[in-house]
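Student: give me a model of this one.
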Amino acid sequence: MKLFRWIKGRQSETEYHKFCFLNLKIWKFGFDGYLLEYEPNTELKPHVDKVVGKHYRLNLTIYGKSIFKCEKEIVSLPFLHIFRPDLYTHSLTTQTKTLKLSLGFAILK
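Tutor: Next comes the predicted model:
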């Protein structure tokens, strides 16, 4: 992952960009941090992230309106979601231009 630059999101058919500001592995622990910028009416289709190990993610909406759906969340507030993207299907639909802070933590095998 390229640090400190905006790149196109991994779901190629969608209009969003991500800015990686953290990508670190210490022993069997992985950490990442992104700013995610979505255009209005962007749809991230339901998916599960492939990670070898246990993966946790915190998404905080900085501005904008969006609808986040996840089968099961650890914390679910209108602006904050903590969930296991490696276990549960999740998706996002934006209503306006949206900026999110996304922090990930993984216990790798």
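Student: tell me which helix or strand of the protein sits lowest on mean pLDDT?
Tutor: Least confident helix or strand, the chain: strand 6-8 with a mean of 87, by mean pLDDT, DSSP states H and E.
Student: partner strands of it and their direction?
Tutor: Strand 6-8 has the following strand partners under DSSP bridges: strand 16-26 (antiparallel).
Student: mean confidence for the next helix or strand after the strand it pairs with?
Tutor: Remark: after strand 16-26, the chain's next helix or strand is strand 29-38, criterion DSSP states H and E. Average pLDDT, strand 29-38: 97.
Student: try stretch 69-80
Tutor: Mean predicted confidence for stretch 69-80 is 97.
Student: what's that stretch in contact with?
Tutor: Stretch 69-80 has contacts (Cβ atoms under 8 Å, 6 or more residues apart in numbering) with 46, 56, 58-61, 81-84, 87-92. In short, each C-beta sits where N, CA and C put it, glycine included.
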